[in-house]
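# turn this into a structure:
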Amino acid sequence: MTIYDEIGGADAVAAAVEQFYERVLADPALAPYFTDIDMAKLKSHQRAFIAAAIGGPELYTGRDMKAAHARFGIKPEHFDLVVGHLVDTLSALGVPAGTIGAIGAKLGPLKADIAPAEAVA
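So this is what the prediction gives:
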């Protein structure tokens with residue numbers, strides 16, 4: 001059984017993405033990154049990306065993480081805030097801690113591409 005199946009498939013991923021972005025957009029440190037962003041399109045990409053990353057049948061056909069995030073200059077501490085919101089979202093949805101850890105293990109290595117150290121300057 002994949003992580004995707006464990007958490008409840010497409011419906012669970014969709015619920016997680018909605019609640020996740022509610023948290024992220026309410027965070028004053030993160031909200032500015034989403035000014036003028038088509039949130040419906042972003043959420044669609046995020047659902048596909050997360051589903052594919054955790055073993056779902058969806059195919060992620062978007063840009064690689066480095067290319068998709070390069071123009072934003074995301075700071076490492078902001079990446080960490082996003083991860084915190086994801087953990088809080090998954091916890092609130094009742095996802096077991098071990099599964100959250102497994103999801104983190106899949107997504108954590110992306111930090112170097114999404115929030116490279118040189119973005120700190």
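
# low-confidence ranges in the chain?
118-121 (pLDDT under 70).

# any chance you could map the helices in it?
In the chain, helices defined by DSSP state H lie at 3-7, 9-26, 39-53, 65-69, 76-92, 97-107, 111-114, listed in chain order.

# closest one to Tyr33 among the ones you listed?
helix 76-92 (7.3 Å; CB to CB). No exception for glycine: its C-beta is placed from N, CA and C like everyone else's.

# what residues sit buried inside that closest one?
78-79, 81-82, 85-87, 89-90 (16 or more other CB atoms under 10 Å).

# show me what it is packed up against.
helix 9-26, helix 97-107, helix 111-114 (3 or more CB pairs under 8 Å, 6 or more residues apart in numbering; DSSP states H and E).

# what is the neighbour count of Asp5?
By the criterion of other CB atoms under 10 Å, Asp5 has 12 neighbours.

# ok, and the closest non-adjacent residue to it?
Gly55 (7.1 Å; CB to CB, 6 or more residues apart in numbering).

# hmm, who's touching stretch 20-40?
42-43, 46, 72, 74, 78, 81-82, 85-86, 88-89 (CB atoms under 8 Å, 6 or more residues apart in numbering).

# rerun that using 10 Å as the cut-off
42-46, 50, 69, 72-75, 77-79, 81-82, 84-90, 92-93 (CB atoms under 10 Å, 6 or more residues apart in numbering).

# before we move on, what about stretch 99-109?
2-4, 6-7, 16, 49-50, 53-55, 65, 79, 82-83, 86-91, 93, 95-96, 114.

# and it, what's buried?
100, 102-103, 107.

# do stretch 57-70 as well
58, 60, 62, 65, 69.

# now these in a markdown table, with distance to Tyr21?
Output for those, formatted as a markdown table (distance: CB to CB, whole Å):
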| residue | distance to Tyr21 |
| --- | --- |
| Glu58 | 18 |
| Tyr60 | 17 |
| Gly62 | 16 |
| Met65 | 17 |
| His69 | 16 |
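
# identify the farthest-apart pair in the residues you listed.
Of all the pairs that these form, the one spanning the most space (CB to CB) is Glu58 and His69, at 20.2 Å.
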